[in-house]
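1. Here is the input, now give the coordinates:
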Amino acid sequence: MRTIRVYSENWPLREAFTISRGTKTEASVIVVEITNENHTGRGECVPYARYGETIDSVLEQIHLAAPLVKEGITAKALLDQLDAGAARNAIDCALWDLNAKLSGQRVWDIATIPKPEPAITAYTLSLDTPEAMGAAARQNAHRPLLKLKLDAEQIVERVHAVHEHAPGASLIVDANEAWDMKLLEQVVPELHGLGVKMIEQPLPADCDESLQSFKSVIPLAADESCHTTSDFDELPPKYDMINIKLDKTGGLTEALKLRQMAKDGDMQWMVGCMIGTSLGMAPATLLTHGATFVDLDGPLLLKHDRDPSLNFDNNRIHSPDSTLWG
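-> Numbers count the residues shown, from 1 in each chain. As a prediction, this is how the structure comes out:
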């Protein structure tokens with residue numbers, strides 16, 4: 001019979017990280033370890049307050065699901081037993097890792113998909129004053145893709161400051177639901193002139209119906225509006241792209257299904273993350289093939305990462321070594 005171990009960890013950030021909803025100074029994650037036949041699979045998740053999750057609530061969910069794990073539940077069967085979210089993500093990814101170790105195969109071979117190639121990842125600039133964001137852009141001007149966290153204030157000024165100090169970088173911006181339709185219509189032409197390549201979740205998820213009649217010259221991506229395959233059919237009239245995050249889909253199993261749905265529906269996708277360690281990013285690398293944007297910079301925002309860790313080389317994220325995951 002399998003055994004399961006669950007614990008939380010706190011990982012300090014290099015510096016305070018601010019989005020429209022608040023500021024954090026550390027990444028709080030939960031790790032699940034599932035052991036069978038002297039092999040252990042691991043998964044990591046990040047409980048997210050936006051979705052009503054806390055460390056305690058996610059730990060409770062995992063403990064309640066522990067008997068199913070011990071009895072040998074598969075990742076596929078887990079989809080029907082546990083709701084999408086952080087708890088299912090950690091268990092699901094641990095099961096994938098365990099299966100890889102028991103079979104002696106890499107996880108992409110088990111999933112019958114190509115091995116992930118190195119992919120350029122965005123580097124995220126925290127919400128701050130235009131001057132501070134410009135200074136951060138200057139320090140990271142060597143990076144080919146910068147993601148800007150914004151709220152509803154000084155939008156153009158902040159983007160202009162970043163563009164001025166990192167003129168060679170492509171820019172994507174994330175409003176985290178902070179705008180309204182009037183503001184979106186107002187800033188899109190100016191952001192387009194500054195070379196912004198994508199706007200992520202400009203409107204609140206429950207107030208985005210007006211996007212159906214809005215023809216944006218900048219592609220719009222659904223983040224908070226897109227969790228699992230059950231959301232997909234409502235999105236193409238409003239968005240050009242979806243952001244697939246394992247903590248939203250509840251693991252790699254559902255994420256692979258969502259990616260396939262996007263491919264079949266001729267919709268672009270990006271691969272995103274919460275702020276966590278390389279263990280949390282590793283499964284998401286399986287989604288990068290064909291993605292328009294990859295945003296898996298969580299470990300780069302930490303003071304230190306776990307060992308072993310992912311290889312970030314020349315602004316590219318590489319597939320994980322088996323000693324880390326999969």
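
2. what's the domain layout of this structure?
-> Listed by automatic domain parsing, the domain ranges of the chain are 3-110, 119-317.

3. Please go through this structure and pick out the longest helix.
-> helix 86-103 (DSSP state H).

4. which helices and strands sit right next to that one?
-> Under the contact criterion of 3 or more C-beta pairs under 8 Å, 6 or more residues apart in numbering; DSSP states H and E, helix 86-103 touches strand 22-36, strand 39-45, helix 55-70, helix 75-78, helix 107-110, helix 246-249, helix 252-264. Heads up, the C-betas are built off the backbone N, CA and C, glycines and all.

5. Relative to Gly168, how far out is Glu37?
-> 51 Å (C-beta to C-beta, to the nearest Å).

6. I'd like the helices and strands packed on helix 86-103 laid out as TSV, including distance to Ala94, mean neighbour count and mean pLDDT.
-> Shown next, in TSV, are these (distance: least, C-beta to C-beta, whole Å; neighbours: other C-beta atoms under 10 Å; pLDDT from 0 to 100):
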stretch	distance to Ala94	mean neighbour count	mean pLDDT
strand 22-36	5	19	96
strand 39-45	4	23	98
helix 55-70	8	16	97
helix 75-78	9	16	97
helix 107-110	12	18	98
helix 246-249	12	28	98
helix 252-264	10	20	98
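
7. got the ones you listed as JSON lines, with distance to Ser230 columns?
-> Output for the helices and strands packed on helix 86-103, formatted as JSON lines (distance: least, C-beta to C-beta, whole Å):
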{"stretch": "strand 22-36", "distance to Ser230": "24"}
{"stretch": "strand 39-45", "distance to Ser230": "20"}
{"stretch": "helix 55-70", "distance to Ser230": "19"}
{"stretch": "helix 75-78", "distance to Ser230": "16"}
{"stretch": "helix 107-110", "distance to Ser230": "25"}
{"stretch": "helix 246-249", "distance to Ser230": "10"}
{"stretch": "helix 252-264", "distance to Ser230": "10"}
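
8. among these, which is nearest Leu235?
-> Shortest separation from Leu235 across those is recorded for helix 252-264, at 9.2 Å, computed as C-beta to C-beta.

9. Give me the residues contacting that closest one.
-> Residues outside helix 252-264 that contact it (C-beta atoms under 8 Å, 6 or more residues apart in numbering) are 75-76, 78-79, 84, 92-93, 96, 111, 113, 226, 228-229, 232, 242, 244-246, 249, 268-269, 283-284, 286-287, 290.

10. Are any of these buried, and if so which?
-> Buried by 16 or more other C-beta atoms under 10 Å: 75, 78-79, 84, 92-93, 96, 111, 226, 228-229, 232, 242, 244-246, 249, 268-269, 283-284, 286-287, out of these.

11. All set, thanks.
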